Each structure stands twice: as structure tokens, then as C-alpha cells.
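**Q** Kindly return the folded structure for what I paste below:
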Amino acid sequence: MTFSDELILLLKARYPLIYVSTQEEDRLEYIIRKSVQNLLSRGIFTWDFVDGYSLNVNSNNIAKRNPLQALEFIETFVPETANVFILKDFQKFFNDIAVSRKLRNLVRLLKIQPKTIIIIASNITIPEELRDIITIIQFKLPQLDEIKNELEKLLKSLNQEIDYKFFELLAQACQGLSLERIRRVLAKTIATYKIIDDRSINLVLKEKSQLISQTEILEFWPATEKLSYIGGLDNLKSWLKKRSNSFSEQATNYGLPIPRGLLLVGIQGTGKSLTAKAIANDWKLPLLRLDVGRLFGGFVGESEERVRQMTQISEALAPCILWIDEIDKAFKESKGDSGTTNRVFSTFLTWLSEKKSPVFIVATANDISSLPLEIIRKGRFDEIFFIGLPTFEERKMIFQIHLSMLRPDTWDAYDINLLTTNSENFSGAEILQSIIEGMHFAFYEKREFTTNDILLGIQQIIPLAQVDEEKIEKLQNWALSGRIRLASKLL
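**A** Below you'll find the predicted structure:
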């Protein structure tokens, strides 16, 4: 159901008070006016704190700087008159006892009259006493069809013909931006290059990166890694390879459901985060990183609103990869947070189960025992993989990958078998660090590093498996018990 359809349904059902959260005030108001006037022929009145109601030339600024009077104005209309009253930023006055009481009194009257109040706000902030009388509806960022219509209008005004393939790429690049931002960035393109071409996409992506960084919740993450850079994990790589084209039109036509996501559990430094980046690069999808800690705000309702903002942006940018690092640390309940963690977790979990958009989630966790059972049951993720300490063959491959990247012409001069034998119970991150240690030794002596330098580096590193031997062994044995799918063919 579209926003317009849902709005018309609520108006016909005489819902008295509707709350819409959006940063696109002008676009929302345009859609409300278009929907109401075309389908219901109702009068529309708009109020804001600075200008009040602007009815006509002779009666401007009614209820200017007076939210209580703005509600009283609604009562002046005869009961039979069908009207919609758009109140902008009105949630800022909810804490005023007079406004709150008047709003509740007014709602009783509106239930039997064809009048509706629509509050437009930049975020959702509703006190407890008003929650039962307010209906929230989501106003999403422009969808692909709406973006294409906007681009077609712009190109027509420029008398510019564009290749169909480029048009599709440009439209997809614009997903996740408001129409106002799209207009702004394309105006910048025209001012700079006098034409809309391939360079426009780079400007759009920069604008998108800036927008996401402003949310302070999500961030664009450059994904240059490849799955081939990861040693071992053959079972996981095979699983990913079979789903690499699952977001294509051919997969949709075939009837394949959209992949939901992946939970990677295992020991620190074994390549979980690296895998998330590599998936985005190999699948040619944008990578968004979610810092779960930033979801929690200091005001009542702010945390839940941030979750909704995160999901809205992710879905607008779909298809994409949403990387959630160390999810096990994020949702540990805190006794002093008045249930905020539970509410945020519940909101996130609902979205995880019900999302229809092609947002592929890659979540990582070090300790699966601290994760709530609700998040690991089937239906939340397509699969859960355990990534353990690399086997002998995997360590050998990891040494080869790193040395071939550092010394592409001479990597085969190193005794990789000897290095592998001496790095038992090392993670991939610890193997890389041992090579770097060896390079430091040699660089200090102003010479090329050798196998012996890396061996010395290995001796300097105390692996995590040795620091917390009992915990790591317990985790490895648990994975071998058959309770979870293994990312590697052999542990």
C-alpha cells in the first residue's frame, strides 16, 4: 500500500490525529494536497508556529506563535465541513499541559466529524498520554519510479537525450536521497559540467555519503576487499557464490526469495569483518556499516526513532549490504536504561523478520551465547556460520595471500610451510601481525625481510588462543558438536 493509499484510507475511516515523520516537508505536503483534493475534495489548512494559518490575503497569520489557538481554530468550522489541518512541528508543544489537554478534548470531537489533523515532524516524539490517540504512518524516501519521473522532467527541460543504461544507473544511484537533494546535486552537475553524464553519478554518491554521515548512525564503507583475499572458509565462500546473483531481475523472475542475511560467529581476528566487506565488493553492492551503539539516544523515544531512520535509509538504498559488527555486544540488556535496550531490540527484530526490501544483513558476533535466542532462530538470517581458528592449509593460504600482496614478485622465496608449522592456533589477524613484526625488524636494519624475521615476529606474538585458552577451546568444541554450520571444511 502506498503512502497516498494509506492516507486516504485513514481519512475515510475518520482517524482524528495522524503523525508523519519526514525531512521532506514540501514533498509530503504536495502529496497530501494532491491525494486529498483529487480523491476526497476536502479543504486543506496549514499551520506553523512562525506564520500561523495563511488562509487568504485578508486573513493571514491566524494563531501565529500560538499552538493552543491553532487547535481552537479547528473548532470554529461547522461539524459537516470536511477539512484536513496540517500542523508543522506541532510535536514540540506536546509537553505543554494546555496543548496536550486541548488535543485530547478535540480528538473526541473529531471522531464524529469529517476532520483530521496531520502533524508533520522531523522525528517521532510522542508522550505516553497521547500515544493512544495518535496514528503514525511512514513516509518513505522517493521510490525508484518517483526518482525516474523526476529525472525525466529534468532531462526534458534540458532537451538532453540520455542512454537508457546510464539513465537506470543514475536513477539507482539517486536512491536514498530526497527529491530536493536529487535536484540540488543535479543542479550542481549542470553548473559544473553543463550536462548530465557519468560524472553526475560520482557527485550523487558523494552527496549520498555526506547524507548518511550526517545521520551519525550509518556510514558508507569503502569495500575494496575480495573473497579471494580470504584464506580458507570454503563452505562459506561456496554458499555466498551460489547467492551472488540473487538480487538480479532473473532471480526475481525465477521466483527466488530475496536473501535475508548472514550471521558470522567466531573467534576474534578470524576474518568476520573482512568477509562482510568482501561480500559487498564481490556482489557489487554498496556497503553500509551500522554502529549499533549510536542507535541509543538520551531522550524518550529517540532510540526507537533512530532504528526507524536506519531501516528507512537502508531500504531506500537497497539493494545493499548492511554490516552490523559485534552485534552480541550491542543488545546486552542494561538494568539502568528503563527498558530502552529491549525496545530497540524489539523494533530491530521486527524489521529483521518482516523486511521485504533487498537489504542483505551481515552481522558478526564473537560470543553467540550472549545473543538472545530470538535473533538466532531461523527466519531472522538465512544461515549462521562459525569461523574458527584457521587449519594448517588455511594458515598456509593466509601467509601466501599476505606475502603475495606485500611482495608480489618474491613471495615464493619465503618458506611458507615452516611459517605455517610455527603459527599453530594463530588467527588470520595474528598471522598478518607476525609478518608486519618481521618487516619492522628488517626495516630497522635497512634490509629486506626474510622467513627468519617472520619467525621472530611469530615468537613475539601471544595468540588469543593462548591468552584465553579455555574459552577458545570451549568455543571450538561447541562448533564441532554440530550445532552450527562451519565456514571451513575442516577445523
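
**Q** in a strand, that's where Leu106 is, yeah?
**A** No. Leu106 is assigned helix when assessed by DSSP: H, G, I helix; E, B strand; the rest coil, not a strand.

**Q** Give the rounded mean pLDDT of stretch 347-367.
**A** Average pLDDT, stretch 347-367: 88.

**Q** Ile458 contacts Gln433, correct?
**A** No. Ile458 lies out of contact with Gln433 (C-beta atoms under 8 Å); the separation is 9.5 Å. All C-beta spots, glycine's among them, are computed from the backbone N, C-alpha and C.

**Q** more crowded one of these two?
**A** Using other C-beta atoms under 10 Å as the criterion, Ile458 and Gln433 rank with Ile458 on top: 21 against 18.

**Q** Can you give me every residue that contacts the closest residue to the more buried one other than its chain neighbours?
**A** Distance criterion C-beta to C-beta, 6 or more residues apart in numbering; nearest residue to Ile458, sequence neighbours excluded, is Ser434 at 4.5 Å. Listed by C-beta atoms under 8 Å, 6 or more residues apart in numbering, the contact partners of Ser434 are Ser423, Phe426, Ile454, Gly457, Ile458, Gln460, Ile461.

**Q** ok, the residues you listed vs Glu150, which is closest?
**A** Phe426 (53.7 Å; C-beta to C-beta).

**Q** how many neighbours does the closest one have?
**A** Phe426: 26 surrounding residues under other C-beta under 10 Å.

**Q** how much space between it and Leu480?
**A** 19 Å (C-beta to C-beta, to the nearest Å).

**Q** residues making contact with the helix or strand Trp239 falls within?
**A** Assigned by DSSP states H and E, Trp239 falls within helix 234-241. With contact meaning C-beta under 8 Å, 6+ apart, helix 234-241 is reached by 227, 230, 264, 275, 279, 282, 383, 385, 387, 485-489.

**Q** and the two most separated of those?
**A** Across the contacts of helix 234-241, no pair lies farther apart than Asp282 and Leu486, at 20.8 Å, counting by C-beta to C-beta.

**Q** coming back round to it: name the helix or strand for the residue nearest to Ile458, please.
**A** Using DSSP H and E, Ser434 sits in helix 428-444.

**Q** likewise Ile136?
**A** Using DSSP H and E, Ile136 sits within strand 135-138.

**Q** what are the pairing partners of that strand, and which direction each?
**A** Strand 135-138 has the following strand partners under DSSP bridges: strand 17-21 (parallel).

**Q** so Glu216 touches Arg294, yeah?
**A** Yes. Counting by C-beta under 8 Å, Glu216 touches Arg294, with 5.7 Å between them.

**Q** Tell me which of these two has more neighbours.
**A** Set Glu216 next to Arg294 and count neighbours by other C-beta under 10 Å: Arg294 wins out with 15 against 10.

**Q** ok, back up a step: looking at the contacts of helix 234-241, which are in helices?
**A** The subset of those located in helices under the criterion DSSP state H comprises Thr275, Ile279, Asp282.

**Q** Write the PyMOL selection for whichever of those are buried.
**A** Of these, the buried ones can be selected in PyMOL as follows, counting by 16 or more other C-beta atoms under 10 Å:
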select buried, resi 275+279+282
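
**Q** what would the ones in helices among the contacts of helix 234-241 look like in JSON lines with distance to Ile119 and pLDDT?
**A** Converted to JSON lines, the ones in helices among the contacts of helix 234-241 look like this (distance: C-beta to C-beta, whole Å; pLDDT from 0 to 100):
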{"residue": "Thr275", "distance to Ile119": "44", "pLDDT": "93"}
{"residue": "Ile279", "distance to Ile119": "41", "pLDDT": "94"}
{"residue": "Asp282", "distance to Ile119": "45", "pLDDT": "90"}
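
**Q** Closest one to Pro79 out of the ones in helices among the contacts of helix 234-241, please.
**A** Set against Pro79, the nearest of these by C-beta to C-beta is Ile279 (59.2 Å).

**Q** The closest one: what's it in contact with?
**A** Ile279 neighbours (C-beta under 8 Å, 6+ apart): Leu227, Leu240, Leu262, Ile321, Phe360, Val362.

**Q** what about 10 Å?
**A** 223, 225-227, 236, 240, 243-244, 262, 285, 287, 321, 323, 360, 362 (C-beta atoms under 10 Å, 6 or more residues apart in numbering).

**Q** measure it to Ser273 for me?
**A** For Ile279, the distance to Ser273 equals 11 Å [C-beta to C-beta].

**Q** what sits in contact with each of those two?
**A** Glu225, Trp323, Val362.

**Q** So which of those residues are in strands?
**A** Mapping the shared contacts of Ile279 and Ser273 onto strands (DSSP state E) picks out Trp323, Val362.

**Q** which one among the shared contacts of Ile279 and Ser273 gets closest to Leu110?
**A** Trp323 (45.4 Å).

**Q** I'd assumed Leu285 was in contact with the closest one.
**A** No. Using C-beta atoms under 10 Å, Trp323 makes no contact with Leu285, being 11.0 Å away.

**Q** Tell me which of those two has more neighbours.
**A** Trp323 (25 against 19).

**Q** quick revisit: which residues are in contact with each of Ile458 and Gln433?
**A** Phe426.

**Q** re earlier: following the strand holding Ile136, which helix or strand shows up next?
**A** Using DSSP H and E, the first helix or strand after strand 135-138 is helix 144-158.

**Q** quick one: average confidence on that next one?
**A** 88.

**Q** how about Glu219, what does it touch?
**A** Per C-beta under 10 Å, 6+ apart, neighbours of Glu219: Ser209, Ile212, Ser213, Leu287, Leu288, Arg289, Leu290, Asp291, Arg294, Trp323.
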